[in-house]
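K.L.:
using only what follows, build the 3D model:
(one chain, ligands or ions: 1)
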Amino acid sequence: MRILIVEDEPTLQAQLADGLGAAGYAVDAAGNGVDAHYLGDTEPYDAVILDLGLPQMDGITVLKKWRSTGRTMPVLILTARDGWHEKVAGIDAGADDYLTKPFHMEELLARLRALIRRAGGHASAELICGPLTLDTRNNRATVDGQALTLTSHEYRVLAYLMHHRDEVVSRSDLIEHIYAQDFDRDSNTVEVFIARLRKKLPPGLIETVRGLGYRLSAPQ
Ligand code: CA
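P.N.:
Numbers count the residues shown, from 1 in each chain. Predicted coordinates for the structure are as follows:
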């Protein structure tokens, strides 16, 4: 899962990037509204964390522009304490949730997980596919209760497939959702991650759909 952080305060931006990186997300960051708007308009984020007070273009304007051009990714806005009017304006502009500064990283991560799973139509923090369970609260994958040992990129691939179970996911989708923008992307590595995951998972769980990509589904 790939997240855009929009925050102009450098220390907070770095804390958010560290916290989200440690939680297993691929992270891009923007420090002003113009860059934020461009990234959110051109890159496929699984969620956005958007500060409202930003240089060059304010967060409400950025959000309205995204929504007016059909960008539907979940957006969590960061608002000032006592900023109830900001919350109202943000939600009316298309925000899905808000958090008041200062906040605890754990709460932000929980709200982010909820936004991402709701966007994928999942009600629970535990995603299940046949014998495979992925607990998004602690990035733990188990098969019949036995924990799997996954690298961070293997986890990102598996998490993306689990959030999109029974759907065909292309190699380029996977690349765009497991790597940050400045990462040196190599499409062959996706095949490597899939091959490694298949060795760790029961046979038949990840199917290759020729010419289209991969599909994770419970074996019949
Ligand atoms: Ca700000």
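K.L.:
what sits up against stretch 112-131?
P.N.:
1, 3, 20, 46-47, 49, 73-74, 76, 96-97, 133-137, 143-144, 162-165, 202, 205, 216-219 (CB atoms under 8 Å, 6 or more residues apart in numbering). No exception for glycine: its C-beta is placed from N, CA and C like everyone else's.
K.L.:
is residue 141 bridged to anything, and to what?
P.N.:
On the basis of DSSP bridges, residue 141 is bridged to residue 134.
K.L.:
can you pull the pLDDT of it?
P.N.:
Per-residue confidence at residue 141 stands at 97 (pLDDT).
K.L.:
how many residues are close by it?
P.N.:
22 (other CB atoms under 10 Å).
K.L.:
same check, this time on residue 25
P.N.:
24.
K.L.:
thinking again about what came up before, can you flag the buried ones in the contacts of stretch 112-131?
P.N.:
1, 3, 20, 46-47, 49, 73-74, 76, 96-97, 133-134, 136, 162-165, 205, 216 (16 or more other CB atoms under 10 Å).
K.L.:
so what's the residue count around the closest residue to the ion within the chain?
P.N.:
Closest contact between the chain and the ion, by CB to the ion, is at residue 53 (3.7 Å). A count of neighbours around residue 53, defined by other CB under 10 Å, yields 17.
K.L.:
assign it to helix, strand or coil.
P.N.:
For residue 53, the secondary structure call by DSSP: H, G, I helix; E, B strand; the rest coil comes out as coil.
K.L.:
quick check: it touching residue 80?
P.N.:
Yes: between residue 53 and residue 80 there is a contact under CB atoms under 8 Å: 7.2 Å.
K.L.:
mind checking which of the buried ones among the contacts of stretch 112-131 land in helices?
P.N.:
Members of the buried ones among the contacts of stretch 112-131 lying in helices (criterion: DSSP state H): 20, 162, 163.
K.L.:
how near is the last one to residue 18?
P.N.:
Using CB to CB, to the nearest Å, residue 163 is found at 23 Å from residue 18.
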